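[1] I'd like to go over a predicted model; first the sequence, then the structure.
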Amino acid sequence: DGGITQSPKYLFRKEGQNVTLSCEQNLNHDAMYWYRQDPGQGLRLIYYSQIVNDFQKGDIAEGYSVSREKKESFPLTVTSAQKNPTAFYLCASGANVANPEAFFGQGTRLTVV
Amino acid sequence: AQSVTQPDIHITVSEGASLELRCNYSYGATPYLFWYVQSPGQGLQLLLKYFSGDTLVQGIKGFEAEFKRSQSSFNLRKPSVHWSDAAEYFCAVVSSNTGKLIFGQGTTLQVKP
């Protein structure tokens, strides 16, 4: 079954710890995205990647890091430098720039205590 | 810079009434435009998209949207709202040059019986 898988659905971490959120797609898409969603603020772009081994900062990249070593995978690390990491994180993928329709995973809710 | 504005944060309509959700974008060239819908705690589902051609586009669940270049708008409409349409709706634009996909702040739709 093709799609985007985010895991886990819920994640709890202590303040000061780094945490990595998983995003895998089997749609053979070139582009992948990470968004953060907070109530009343819509989806804010953290990082995006158009091709393997390349990625760009979005609008709120501070305190986050990503890698794109494989086409299928785009993990997001929330570092201890992120001042307010508790949020709902959404991963998406799109075929390419010419066909940019994005497909979303079900999200990961991260709670830092 | 690329941006998307959804002026209405919250809209309430009666079941069976018509609906229009507003979206304005800022982008230099002809944009790729999308409307997505999100149920609580879930990912986003694509309702419809505009890349080029006919400015009135049809989507799923009886939704349609009209691209108006002169007004930089891409408003979503539905002739008769159903209770199951209650959700959050997001307008999005992607740069055809960079592939950067950004979203508006979202509009929460409440449907009264």
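    That came in fine, so what should we check first?
[2] from here on, just use CA atoms for contacts and neighbour counts.
    OK.
[3] so how far is A:G63 from the residue nearest to A:E69 when sequence neighbours are not counted?
    Nearest residue to A:E69, sequence neighbours excluded (C-alpha to C-alpha, 6 or more residues apart in numbering or on different chains): A:N53, at 5.5 Å. Here the criterion is C-alpha to C-alpha, to the nearest Å. By it, A:N53 lies 20 Å from A:G63.
[4] neighbour count: these two, which is higher?
    A count of neighbours by other C-alpha atoms under 10 Å in any protein chain shown puts A:G63 above the other of A:N53 and A:G63, at 16 against 11.
[5] could you find the closest non-adjacent residue to that one?
    Once flanking residues are discounted, A:G63 sits nearest to A:Q82: 4.0 Å by C-alpha to C-alpha, 6+ apart.
[6] quick one: residues contacting residue 46.
    All of this is about chain A. Contacts here follow C-alpha atoms under 8 Å, 6 or more residues apart in numbering or on different chains; on that basis A:I46 touches A:Y33, A:W34, A:Y35, A:R36, A:K57, A:G58, A:D59, A:I60, A:A61, A:Y64.
[7] not what I meant, chain B
    Applying C-alpha under 8 Å, 6+ apart, one finds that B:L46 lies in contact with A:A102, A:F103, B:F34, B:W35, B:Y36, B:V37.
[8] go on, B:E64?
    Residues in contact with B:E64 (C-alpha under 8 Å, 6+ apart) are B:L48, B:L56, B:V57, B:Q58, B:L76, B:R77, B:K78.
[9] I'd like the distance between it and chain A.
    Computed as C-alpha to the nearest C-alpha, to the nearest Å, the B:E64 to chain A distance reads 17 Å.
[10] spatially, which residue comes closest to that residue, not counting chain neighbours?
    The nearest residue in space to B:E64 (C-alpha to C-alpha, 6+ apart) is B:Q58, at 4.4 Å.
[11] repeat that for A:K57.
    A:Y47 (4.7 Å).
[12] quick one: mean pLDDT over the helix or strand where the one you found lies.
    In this structure, A:Y47 is located in strand A:43-51 according to DSSP states H and E. In this model, strand A:43-51 has a mean pLDDT of 95.
[13] buried residues in the helix or strand following it?
    The element immediately downstream of strand A:43-51 (helix or strand, assigned by DSSP H and E) is strand A:54-57. The neighbour-count criterion (16 or more other C-alpha atoms under 10 Å in any protein chain shown) identifies A:F55, A:K57 as the buried residues of strand A:54-57.
[14] swap in stretch A:88-99?
    Of the residues in stretch A:88-99, those scored as buried under the neighbour-count criterion (16+ other C-alpha under 10 Å) are A:F88, A:Y89, A:L90, A:C91, A:A92, A:S93, A:G94, A:A95, A:N96, A:V97.
[15] list the contacts of that stretch.
    With C-alpha under 8 Å, 6+ apart as the test, stretch A:88-99 has contacts from A:4, A:6, A:23, A:25, A:27-38, A:50, A:100-110, B:43, B:96-99.
[16] my read is that A:T5 contacts A:Q25, right?
    Yes. Because the distance of 6.3 Å satisfies C-alpha atoms under 8 Å, A:T5 is recorded as touching A:Q25.
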